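In: Sequence and predicted structure are below.
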Amino acid sequence: MSHFKIHDIESAPVDSQPLLENSIKGFGVIPNLHGVMAESPATLEAYQLLHKLFQQSDFDAQELTVIWQTINVENNCHYCVPAHAAIASMMKVDDALTDALRNGKPMPTEKLQVLHDTTLALMRNRGVLSEEDKQRFFAAGYGTRQLLEIVLGLAQKTMSNYINHLADTPLDERFADFA
């Protein structure tokens, strides 16, 4: 049994209410994850800001999806894997890419494979990246800015993945087809 409440506008702490209104503006509804996070206004605000900033990074929709789903799959997040499959679909990312990420298959391009491998290496090695991995990343056309932006994505997804594990956040109905 979860000890976590999924807040709506009325039940949320006062400081979370405008943040949940932002969720409605951005998603049309309050995703269950945001409802859980609303218990702590600072947590919800930080997550929303990280999400916004990561989407403003140098990565395109495919690359954002590779980073998000690499982290979600590695952390075995029951909520974020289908949620980000739905988000990828909304961003017009090819379903084949999402399926490859979910099923441990090769990426469709070498550049996306390097991005996937680099994200995994950063996760598994707690931020330590070998010189060989860095050179492979740079040879694929990425730079130090993108390495820092992967860490930004890691911060965002670590928050959501861990909170979903703690709260056993139920999957939103709108993501059910992507489960």
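Out: Thanks, I have the structure now.

In: Contacts for stretch 163-177 next, please.
Out: Applying CB atoms under 8 Å, 6 or more residues apart in numbering, the contact partners of stretch 163-177 are 2, 4, 6, 29, 31-33, 36-37, 43, 75, 77-80, 82-83, 85-86, 179. From N, CA and C alone the C-beta is placed, and that goes for glycine too.

In: which of those residues count as buried?
Out: 4, 6, 31-33, 36-37, 43, 75, 77-80, 82-83, 85-86 (16 or more other CB atoms under 10 Å).

In: quick one: which of the contacts of stretch 163-177 sit in helices?
Out: Within these, residues falling in helices by DSSP state H are 32, 33, 36, 37, 43, 80, 82, 83, 85, 86.

In: Hmm, residue 62 is touching residue 93, no?
Out: Yes - counting by CB atoms under 8 Å, residue 62 touches residue 93, with 5.6 Å between them.

In: which stretches of the protein form helices?
Out: 17-27, 32-37, 41-55, 61-74, 80-90, 95-103, 110-124, 131-139, 144-167.

In: Can you add mean pLDDT and distance to residue 173 and give those helices back as a markdown table?
Out: Listed next are the helices of the chain as a markdown table, based on pLDDT from 0 to 100; distance: least, CB to CB, whole Å:
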| stretch | mean pLDDT | distance to residue 173 |
| --- | --- | --- |
| helix 17-27 | 96 | 13 |
| helix 32-37 | 98 | 9 |
| helix 41-55 | 97 | 21 |
| helix 61-74 | 98 | 19 |
| helix 80-90 | 95 | 11 |
| helix 95-103 | 96 | 19 |
| helix 110-124 | 98 | 29 |
| helix 131-139 | 98 | 38 |
| helix 144-167 | 98 | 16 |
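
In: so of those helices, which one's packed in deepest?
Out: Most buried of those, by mean neighbour count (mean count of other CB atoms under 10 Å): helix 32-37, with a mean of 26.

In: Point out the other helices and strands that it packs with.
Out: Helices and strands touching helix 32-37, by 3 or more CB pairs under 8 Å, 6 or more residues apart in numbering; DSSP states H and E, are helix 17-27, helix 41-55, helix 144-167.

In: From the chain's centroid, how far away is stretch 110-128?
Out: Relative to its chain's centre, stretch 110-128 lies at 15 Å (CA atoms, centre = their mean, to the nearest Å).
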